[in-house]
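> curious how this folds, go ahead:
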Amino acid sequence: MNKIVTATKHMYSHSSTRSHASYSSRRSKASTTSTTSSRGVAAAAETAALRVKLEAHRIENEGQEELEQLEFEEKMRRLNAERKMANLKRKHEAQKVETQLKMEEARLYAFEQETSSSTSSRSSCKSAGSRTMPVRTDNDLTKPNLRAGASVFTPKTHDENLVEALARAITSSRLPIPKPPIFTGDSLQYPDWSFSFTSLIESKGVPPEERIHFLKRYLGGPAKEAVSGFFMLRSKDAYQRARDILEQRFGNSYVISEAFRSKLDAWPKVHNKDKSGLRNLSDFLLQCQAAAAEGKDMKFLHDMREIKKITAKLPDWMVHTWNRKIAKSKRQRKIPQLSRIRKFCLRRI
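Next comes the predicted model:
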């Protein structure tokens with residue numbers, strides 16, 4: 001009985017050992033299969049990622065090549081445009097040089113014509129002077145005074161007149177084009193501006209309806225504001241009405257005289273050894289002298305009180321010298337004039 005139990009236990013233990021080994025073997029195979037499967041998935045994922053990366057690189061390279069191609073084409077267009085511009089500039093410079101050469105040739109031709117004509121006239125005068133005048137008798141008085149070898153007067157041809165006109169045009173074209181100054185409302189500057197505008201703009205045959213635009217261009221400050229309402233008008237008399245306003249407000253002789261008086265009153269005193277200030281005062285006195293000769297309202301500048309105001313602007317040592325001269329003039333019953341003060345200042349500069 002004991003042998004049977006022992007055998008049964010032995011068989012049971014052997015069966016249990018064998019089943020455990022079979023389970024372990026199956027578990028090991030499953031683990032190996034799972035590891036292999038995970039490695040395959042990782043390899044497939046990495047392969048897919050590399051393919052995506054490769055495709056991205058390919059697209060990026062194509063875009064870069066297209067961008068480089070566009071940049072190259074743009075650079076070539078710029079180079080072609082710069083080359084064309086350089087060629088046009090060279091042609092323009094060549095045309096300018098050619099035009100200048102033609103102008104110089106015309107001047108040279110005109111100069112040669114003038115030289116040859118003056119030389120021929122001098123030679124004819126010499127030959128005429130070397131001849132002896134024949135003695136005329138009473139019978140010769142009835143004959144016409146004609147000589148067979150006398151030169152016939154020929155007027156200048158059209159070409160010669162054209163060359164002279166071209167030479168004058170070339171000379172005048174080299175002169176700077178004069179322009180009137182911009183008047184801003186200083187009454188002391190109005191006479192000069194009015195004369196300049198009339199001679200340089202109005203007298204050039206500019207239509208009346210266009211003169212208002214030139215007037216607007218050469219006005220500024222209070223003067224422009226005074227007539228700004230006329231710039232919006234389209235009537236032909238807008239220009240003349242604007243000029244009348246400027247004449248009344250800034251060109252009135254009384255207004256100009258008051259401007260001179262105010263500037264003299266505000267003139268600073270000239271200090272000792274200030275030659276520049278003394279020269280500026282003498283220049284303004286010359287302007288006052290010219291204005292006094294033109295307008296009746298400027299006669300106040302010759303008044304003794306105004307002359308005393310002017311001399312008060314001089315340095316102290318010049319005031320003493322001037323007072324001595326005035327005292328001598330009073331004894332001689334001479335009235336000092338504005339021109340005398342200016343000469344007195346000029347001698348001390």
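> pretty sure Ile212 is in contact with Ala238, am I right?
Yes - with contact defined as C-beta atoms under 8 Å, Ile212 reaches Ala238; the gap is 5.2 Å. Yep, even glycine has a C-beta here, placed from its N, CA and C like the rest.
> who has more neighbours, those two?
Just comparing Ile212 and Ala238: by other C-beta atoms under 10 Å the higher neighbour count belongs to Ile212, 24 against 20.
> which secondary element of this protein has the worst mean pLDDT?
The helix or strand of the chain with the poorest confidence is helix 158-173; it has a mean of 66 (mean pLDDT, DSSP states H and E).
> name the next helix or strand downstream of it, please.
Once helix 158-173 ends, the next helix or strand along the chain (criterion: DSSP states H and E) is helix 190-200.
> quick one: work out the angle between the helix or strand that that next one is followed by and helix 190-200.
Proceeding N to C from helix 190-200, the next assigned helix or strand is helix 208-217, under DSSP H and E. Interaxial angle, helix 208-217 versus helix 190-200 (axes from the mean of the first three to the mean of the last three C-alpha atoms, to 10 degrees): 140 degrees.
> now for whichever helix or strand comes after helix 208-217, which elements pack on it?
Next helix or strand after helix 208-217 toward the C-terminus (DSSP H and E): helix 221-226. For helix 221-226, the packing partners by 3 or more C-beta pairs under 8 Å, 6 or more residues apart in numbering; DSSP states H and E come out as helix 238-250.
> just the CA atoms of the helix it packs on, as CSV, please.
The C-alpha trace of helix 238-250 is given here as CSV (Å, rounded to 0.1, in the frame of the first residue of the first chain):
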residue,chain,number,x,y,z
ALA,A,238,-8.1,139.7,-60.4
TYR,A,239,-4.5,140.4,-61.0
GLN,A,240,-4.9,144.2,-61.4
ARG,A,241,-7.1,144.3,-58.2
ALA,A,242,-4.4,142.4,-56.3
ARG,A,243,-1.7,144.8,-57.5
ASP,A,244,-3.8,147.8,-56.5
ILE,A,245,-4.2,146.3,-53.0
LEU,A,246,-0.4,145.8,-52.7
GLU,A,247,0.2,149.3,-53.9
GLN,A,248,-2.2,150.9,-51.4
ARG,A,249,-1.0,148.8,-48.4
PHE,A,250,2.8,148.6,-49.0
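> ok, now which ones touch the nearest residue to Trp193 once chain neighbours are set aside?
Leaving aside its chain neighbours, Trp193 sits nearest to Phe183 (4.2 Å; criterion: C-beta to C-beta, 6 or more residues apart in numbering). For Phe183, the contact set (C-beta atoms under 8 Å, 6 or more residues apart in numbering) comprises 189-190, 193, 197, 218-220, 223, 246, 250.
> would a markdown table of these with neighbour count, pLDDT and distance to Gly63 be doable?
Shown next, in a markdown table, are those (neighbours: other C-beta atoms under 10 Å; pLDDT from 0 to 100; distance: C-beta to C-beta, whole Å):
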| residue | neighbour count | pLDDT | distance to Gly63 |
| --- | --- | --- | --- |
| Gln189 | 17 | 90 | 69 |
| Tyr190 | 21 | 90 | 72 |
| Trp193 | 21 | 93 | 68 |
| Phe197 | 22 | 91 | 67 |
| Tyr218 | 18 | 93 | 61 |
| Leu219 | 23 | 94 | 62 |
| Gly220 | 14 | 92 | 60 |
| Ala223 | 24 | 92 | 66 |
| Leu246 | 22 | 93 | 70 |
| Phe250 | 24 | 90 | 72 |
